[in-house]
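1. Curious how this folds, go ahead:
(one chain, ligands or ions: 1)
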Amino acid sequence: MREIERAAIVALMAREVERFAAERPKSRALSQQAKPHLLAGTPLTWMREWQSPFTVFVERASGATVIDVDGHDYADFCLGDTGAMFGHSPAPFAELVTRTAGQGITTMLPTEDSVWLGAELAQRFSLPVWSLALTATDANRFACRFARELTGRPKILVFDGCYHGTLGETLVDLKGNGMIRRPASIGVVEDPETTTRVVDFNDLEQLDRALAEGDVACVLAEPALTNCGMVLPDPGFHDGLRGITRRHGTLLIIDETHTFSTGPAGYTGAFGLEPDMLTLGKPIAGGIPAAVYGFTAELAERINRRFEELGDFSTGVGGTLSANALSVRAMRVMFEQVITEQAYEHMFAMAARLEEGIEGAIARQDLPWHVTRMGARVEYGINPTPWKNAKQVRAGCDPELERLLHLYCLNRGVLVTPFHNMMLTSPATTEAQVDRHSEAFESAVAELAAG
Ligand SMILES: Cc1ncc(COP(=O)(O)O)c(C=O)c1O
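-> Next up is the predicted model:
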């Protein structure tokens, strides 16, 4: 198997940086103007994660295409890091949402759409009762709060390498046999030893030991890790996770925000998982802030009883703008018309083609890399075998090489998510766009392999 030489990466990087800068005078000028007044030079500090010397500024986006201010057209496999998984401004969405925007957006009263939405979510995800939030972060925060309240236990358990939003207590890593606060989690003051347990994904023995002390309210888990690289569950992992959590009286919250790429009812629907709560945000309102979280009938009943006991429904769980008419209408339009079986069929076909293109290029250059696909989500790894946990991901990464591959693709009109090598296909993604990625990727690895 072939090794990539460091010198080849450095030389290609220098060439690609020069090309990027030369072709984007307007983005460069806007980046300069943004610097004095926007923190880290961007409206969201994460936008600094793109592997380019300065940020690309967007003029407009539609379907699976982004156009930048310099007139470049990109095949978008980032799709707003999942927020636009069903395409930018899908056709029915623009007209219906615009109409709603002119009819009052937030009133602290429900609209009829919310009744439709509750019934739709119950039917789709097999959990009967739902509540609304604005972000997946908040849906997770509220679900954990309810879990702590109902169990009277202080801790939550997460898997090493997870990301569930900006909840401080989830920003931890395993190091050696111990837990550390994630180095970049600035300003988190809670001691994670009092709030959190963290174990390796796919390790049921560790999980069992960690829950045995009886102080963990809930496990908050993605069905597959998607935020450190893609780590799929071993056969039997989910049965084990459910059995162990039940045995220890720990609630199971499944976060479908990214694994919703698996099918119209998420990984939970596709593989028959039985969570106590399910959380979902990002793409469900086509990019308008909205998230949902659902409960089993038993949990919902216990929570309702708690509200009655407290005589108070405004328990610090919620948020003023949650369930505003615009978010709810956007979700209705998305679930009714866009997030359909047919949409997924197309997304899967495009993702399979994307996977094939990457696999072919890797094989032709005899590189020891691998590709993983989960429905409409594809990720390649710069090491030979699929990962089992986050430790293996960390050991198998090559940030310098990955930065180069992303920038190389960007320069050839292809957007890959800046966080590791994740790509998504949408109902609007075309074969030509997939082939554009395949050609760029093939050309990059051929140049790298040639040294
Ligand atoms: C699995 C998962 N849950 C929750 C979140 C948080 O989403 P948001 O930033 O929209 O709150 C993310 C964000 O990437 C995520 O990947």
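2. Is any residue of stretch 362-380 near the ligand?
-> No. Stretch 362-380 lies out of reach of the ligand by Cβ under 6 Å from any ligand atom, never closer than 11.1 Å. Where C-beta positions appear, they are placed from N, C-alpha and C, glycine not excepted.
3. helices and strands around the host helix or strand of Leu150, which ones?
-> With secondary structure defined by DSSP states H and E, Leu150 is part of helix 136-151. Taking 3 or more Cβ pairs under 8 Å, 6 or more residues apart in numbering; DSSP states H and E as contact, the helices and strands that helix 136-151 lies on are strand 129-133, strand 155-159, strand 216-221, strand 251-255, strand 277-280, strand 291-295, helix 297-310.
4. Which residues are in contact with the residue minimising distance to the centre of the chain?
-> To find the centre residue of the chain, average its C-alpha atoms and take the closest one (Cα atoms, centre = their mean): that gives His258, at 3.8 Å. With contacts taken as Cβ atoms under 8 Å, 6 or more residues apart in numbering, His258 has the following neighbours: Thr82, Glu222, Thr226, Asn227, Lys282, Arg377.
5. follow-up on the earlier one: I'd like the helices and strands packed on helix 136-151 as a markdown table, with mean neighbour count, distance to the ligand and mean pLDDT appended.
-> Output for the helices and strands packed on helix 136-151, formatted as a markdown table (neighbours: other Cβ atoms under 10 Å; distance: least, Cβ to the nearest ligand atom, whole Å; pLDDT from 0 to 100):
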| stretch | mean neighbour count | distance to the ligand | mean pLDDT |
| --- | --- | --- | --- |
| strand 129-133 | 22 | 9 | 98 |
| strand 155-159 | 25 | 11 | 98 |
| strand 216-221 | 25 | 9 | 98 |
| strand 251-255 | 26 | 5 | 98 |
| strand 277-280 | 27 | 7 | 98 |
| strand 291-295 | 26 | 7 | 98 |
| helix 297-310 | 13 | 20 | 95 |
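6. Export these to a markdown table and append columns for distance to Ile382.
-> Formatted as a markdown table, the helices and strands packed on helix 136-151 follow (distance: least, Cβ to Cβ, whole Å):
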| stretch | distance to Ile382 |
| --- | --- |
| strand 129-133 | 36 |
| strand 155-159 | 22 |
| strand 216-221 | 26 |
| strand 251-255 | 26 |
| strand 277-280 | 31 |
| strand 291-295 | 33 |
| helix 297-310 | 42 |
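7. Run a quick neighbour tally on the residue lying closest to Gly381 once chain neighbours are set aside.
-> Across the structure, with Cβ to Cβ, 6 or more residues apart in numbering as the measure, the residue nearest Gly381 apart from its sequence neighbours is His370 (5.1 Å). His370 has 18 neighbouring residues, counting by other Cβ atoms under 10 Å.
8. Need phi/psi at His370.
-> Torsion angles at His370 (phi, psi; degrees, to the nearest 10) stand at phi -130, psi 160.
9. tell me the contacts of it?
-> Neighbour list for His370: Ile362, Tyr380, Gly381, Asn383, Pro384, Thr385, Pro386 [criterion: Cβ under 8 Å, 6+ apart].
10. likewise Glu379?
-> So Glu379 contacts Thr226, Gly229, Met230, Val371, Thr372, Arg373, His420, Asn421, Met422, Met423 (Cβ under 8 Å, 6+ apart).
11. And the closest residue to the second one other than its chain neighbours, how far from Phe260?
-> Distances taken as Cβ to Cβ, 6+ apart place Val393 nearest to Gly229, at 4.0 Å, with adjacent residues excluded. Distance, Val393 to Phe260, by Cβ to Cβ, to the nearest Å: 21 Å.
12. same check, this time on Gly287
-> For Gly287, the distance to Phe260 (Cβ to Cβ) stands at 14 Å.
13. Any stretches of the protein with poor pLDDT?
-> Within the chain, the stretches falling below the threshold (pLDDT under 70) are 1.
14. domain ranges for it?
-> Residue ranges for each domain of the chain read 6-86+341-450, 92-338, as given by automatic domain parsing.
15. still on that earlier bit, out of the contacts of Glu379, who's nearest the ligand?
-> Using Cβ to the nearest ligand atom, the shortest approach to the ligand within the contacts of Glu379 belongs to Thr226, at 6.3 Å.
16. Using the three-state scheme, assign the one residue in the stretch 351-451 of the chain that gets nearest to the ligand.
-> Using Cβ to the nearest ligand atom, the closest approach of the stretch 351-451 of the chain to the ligand is made by Phe419 at 8.1 Å. Per DSSP: H, G, I helix; E, B strand; the rest coil, the secondary structure class of Phe419 is coil.
17. Could you check how many residues crowd around the closest residue to it other than its chain neighbours?
-> Take Phe419 and drop its neighbours on the chain: the residue closest to it by Cβ to Cβ, 6+ apart is Glu49, 6.3 Å away. Neighbour count of Glu49, defined by other Cβ under 10 Å: 14.
18. One more: Thr107?
-> Neighbouring residues of Thr107 were enumerated by other Cβ under 10 Å; the total is 10.
19. Good, we can wrap up now.
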